[in-house]
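In: turn this into a model:
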Amino acid sequence: MMRGKTIIVTGANSGIGKATSRELFGRQGRVIMACRNRDRAEEAAREIRQQAGPEHGELLVKVLDLASLKSVRRFCDEIIKEEPKIDVLINNAGIYQCPYTKTEDNFEMQFAVNHLGHFLLTNLLLDLLKRSAPSRIIVVSSKLYKCGEINFDDLSSERSYDKAFAYGRSKLANLLFALELGRRMEGTGVTVNALTPGIVRTELGRHVHLPLLVRPLFSLVSWAFFKTPEEGARTSVYLACSPDVEGVQGKCFADCQEEELLPKATNEEVAKKLWDISEVMVGITT
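Out: Numbers count the residues shown, from 1 in each chain. Take a look at the predicted model:
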């Protein structure tokens, strides 16, 4: 039961984020849906409320555009002003294989949204999370981290851009971020864990263009083999609620079980270097 608990879910208006919000709301949590588009988020919140049983929590919608550092700072200012505590932060939002785009801060879009935006968000909310301890930070990554490499000389893909590699890189960055943050949070009462949800039927693939003839087949395959958003959200909900993971730090989970990662996702030296560079990129001075 999540009664009395405040949970922030980024990218909460569709896919896994929406399913996670619905489940935590159903468990009487106070869910803050942090979304880029207010109208779509309000619509999702209405739908979740309509489908809820008699026992439920509270849903709030707040605007958060992870592609804009200014928006992230504005969101965090509001949260710190309005919320006495945060029990769970779920860094769920993601953008997948979009064409090469730069953000207003001049970063490659996938790296900016999937890693840098969440990096800044989490850092700005850390004091509140520490004051709310025991609290939890959950980072949604992807098994496609395996396709990624952290090239420190070209983090914004200015020299070359491959949308699949760029996605993999951002998801590898998520795991390294969770690793280093977990190390830093030892002894604070704040736990940090990551997860890979598997292949889920969501809107994440909207930038992937399939030939017309392949689409019906792809649709059939996705219904047969891909997880529903509800199934995809299970591990997020497990990490947010379960007493089993109380005190567990810096691990990655898949299907509610601890998952073994490739060495490149557990390299503490790379994780620390990525942290230091990310601080500079988002303008955090410590």
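
In: how far away is the closest residue to residue 141 other than its chain neighbours from residue 53?
Out: Leaving aside its sequence neighbours, residue 141 sits nearest to residue 174 (CB to CB, 6 or more residues apart in numbering; 4.1 Å). Just so you know, the C-beta spots here come from the backbone N, C-alpha and C atoms, and that holds for glycine as well. Per CB to CB, to the nearest Å, residue 174 is found 33 Å from residue 53.

In: comparing these two, which residue is more hemmed in?
Out: Remark: of residue 174 and residue 53, residue 174 carries more neighbours, 27 against 6, as counted by other CB atoms under 10 Å.

In: could you look up the SS state of the more buried one?
Out: helix (DSSP: H, G, I helix; E, B strand; the rest coil).

In: ok so, going back, the residue nearest to residue 141 against residue 139, yeah?
Out: Yes. With contact defined as CB atoms under 8 Å, residue 174 and residue 139 form a contacting pair (5.1 Å).

In: need the overlap of contacts for the two.
Out: Common neighbours of residue 174 and residue 139, counting by CB atoms under 8 Å, 6 or more residues apart in numbering, are 91, 118, 194.

In: from those residues, which is closest to residue 124?
Out: Residue 124 has its nearest neighbour among those in residue 118, at 10.8 Å by CB to CB.

In: give me the mean pLDDT for the helix or strand encompassing the closest one.
Out: For residue 118, the host element (DSSP states H and E) is helix 118-131. Averaged over helix 118-131, pLDDT sits at 98.

In: which strands or helices does it pack on?
Out: When contacts are defined as 3 or more CB pairs under 8 Å, 6 or more residues apart in numbering; DSSP states H and E, helix 118-131 packs onto strand 6-10, helix 69-82, strand 88-91, strand 135-140, helix 163-184, strand 190-195, helix 268-282.

In: angle of the longest one against strand 190-195?
Out: The reference is to helix 163-184. With axes from the mean of the first three to the mean of the last three CA atoms, to 10 degrees defining the directions, helix 163-184 sits at 150 degrees from strand 190-195.

In: quick check: angle from helix 163-184 to helix 268-282?
Out: Relative orientation of helix 163-184 versus helix 268-282 (the same axes, to 10 degrees): 100 degrees.

In: compute the inter-axis angle for helix 163-184 and strand 135-140.
Out: Using the same axes, to 10 degrees: helix 163-184 against strand 135-140 is 160 degrees.

In: likewise for the second one?
Out: Taking the same axes, to 10 degrees, one finds that helix 69-82 is oriented at 150 degrees with respect to strand 135-140.

In: lovely, talk soon.
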